[in-house]
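S.K.: How does the following fold in three dimensions:
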Amino acid sequence: MSDNVPFEIQEDILKRLPVKSLIRFRSVSKSWKSLIDSSDFITHYSSQQQHLLVCKHRYGSEPKYVSIVDDNTFPEQRVSPTLPLFVKMLNPCRTIGTSHGLLCLYDYGELVIWNPLITKAVPVVVPNFVDDKMFKTEFGFGVCRETSDPKIVKIRYIYRFTDMESVTSIPWQVEVYTLSTGAWRSPNSNVPRKPIVFGVQKGGVCVDGVYYWLATDRSFVDDEIVDDEIEAYNMIIAFDMTSEEFREVNLPDSFVYDGPMWNLYIYNLRESLVLVERSTEEDYNPVYKVWMMEDGVRKSFTKLYTIHAPNARIIGVREFKKSGELVMEVREDGRNAISLVVYEPNSKHIKLGDIAWDR
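M.R.: Got it, this is the predicted structure:
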């Protein structure tokens, strides 16, 4: 681009380009590389052009990612990002969280913060990692609202215990990693002392700088087994990446004493916390009910809609588009392939996403 074009105009043009072009243009000049790699550019670009990152993974093979532009052309604009070595080494891996265009990936004691836009990944050494029958380690990831600094919170907690009275006096062991310093530290936060066990499903989610987990307070466990389920007090635990404080968020009453949370998931929809409930119909076809927390008000969840797929079997929910549409995996009747589809809640229409793979 001509040197006669002011740099501010060059920056504005770059912010409108697709990811594939930005990756190429990082090698044009040092000034463009510095601009595209900057936290301000990444934050602005992520807020303007949301991308859904879909991962296809088989155990023992290299993971494959597809980044899809989240606009009215979905899923036509898509690219397979180049995987840095540290991302390839995580096999298998799960996503701890996404925020400001960054992903935090995890594989048994190993963490990586990955920026697909600039194909850069930073490995994070996890200190004092424990994951056995007695103790478990849980992670959360987000970006501080004040400093734009990515953070990882690590929680070590007791998973199995017999003496409930003594366990309630033992706090979690919490450490926070800050990317700018590259170091872990113990925060001066209100660490819960309750015997809380985290959900085993999808994991948590970051919403507007706050990370949320589904959890169960085992001090409320009822020894009586009802319908082969153990009664327990379910809740949501939140950690603010700015204040580094914990708080509890109450679930709708119907989920509080609903046994283990095998059928609950949480997501981010337009920086609001969304709860997805999975149930089954008489024909054993899964049905999903979607709830949203209103304006961050505790216990104030409103049911948005229920998803049925009469001609396909819903395998799972992938993500929400910024328009509110739901991206799901389904297996159509008579086919073995898994397809990515989009559910439009207003029309209740399911459209194929033109991305399919075998499992």
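S.K.: in which helix or strand would I find residue 82?
M.R.: Secondary structure from DSSP states H and E places residue 82 outside every helix and strand.
S.K.: roughly how far apart are it and residue 97?
M.R.: Distance of residue 82 to residue 97, computed by CB to CB, to the nearest Å: 22 Å. Just so you know, the C-beta spots here come from the backbone N, C-alpha and C atoms, and that holds for glycine as well.
S.K.: the more surrounded of those two?
M.R.: residue 97 (26 against 10; other CB atoms under 10 Å).
S.K.: Is it correct that the more buried one is in contact with residue 212?
M.R.: No: applying CB atoms under 8 Å as the test, residue 97 and residue 212 come out as separate, 9.7 Å apart.
S.K.: Could you tell me which residues touch both of the two?
M.R.: Counting by CB atoms under 8 Å, 6 or more residues apart in numbering, the shared contacts of residue 97 and residue 212 are 204-206.
S.K.: tell me which of the residues you listed is nearest to residue 262?
M.R.: residue 204 (16.1 Å; CB to CB).
S.K.: Pretty sure residue 255 sits in a strand.
M.R.: No: counting by DSSP: H, G, I helix; E, B strand; the rest coil, residue 255 is not found in a strand; it is helix.
S.K.: how close does the closest residue to it other than its chain neighbours sit to residue 286?
M.R.: Counting by CB to CB, 6 or more residues apart in numbering, residue 255 lies nearest to residue 234, which is 5.7 Å off, once chain neighbours are set aside. According to CB to CB, residue 234 and residue 286 sit 20 Å apart.
S.K.: so what's the backbone phi/psi at residue 36?
M.R.: With angles defined as degrees, to the nearest 10, residue 36 sits at phi -60, psi -30.
S.K.: how close does it sit to residue 68?
M.R.: Shown here: residue 36 relative to residue 68, a distance of 20 Å by CB to CB.
S.K.: what's near enough to touch residue 105?
M.R.: 87, 90, 93-96, 111-112, 114.
S.K.: where's the dip in pLDDT among those residues?
M.R.: Lowest pLDDT within those is found at residue 93 (75).
S.K.: okay, now that one: neighbour count?
M.R.: By other CB under 10 Å, 20 other residues sit near residue 93.
S.K.: pretty sure it is touching residue 108, no?
M.R.: No: contact criterion CB under 8 Å: residue 93 and residue 108 do not qualify, at 9.1 Å.
S.K.: Generate a PyMOL selection restricted to the buried subset of the contacts of residue 105.
M.R.: Here is the PyMOL command that picks out the buried ones among the contacts of residue 105, judged by 16 or more other CB atoms under 10 Å:
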select buried, resi 87+90+93+95+96+111+112+114
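S.K.: Please identify which of the contacts of residue 105 is nearest to residue 17.
M.R.: residue 114 (20.6 Å).
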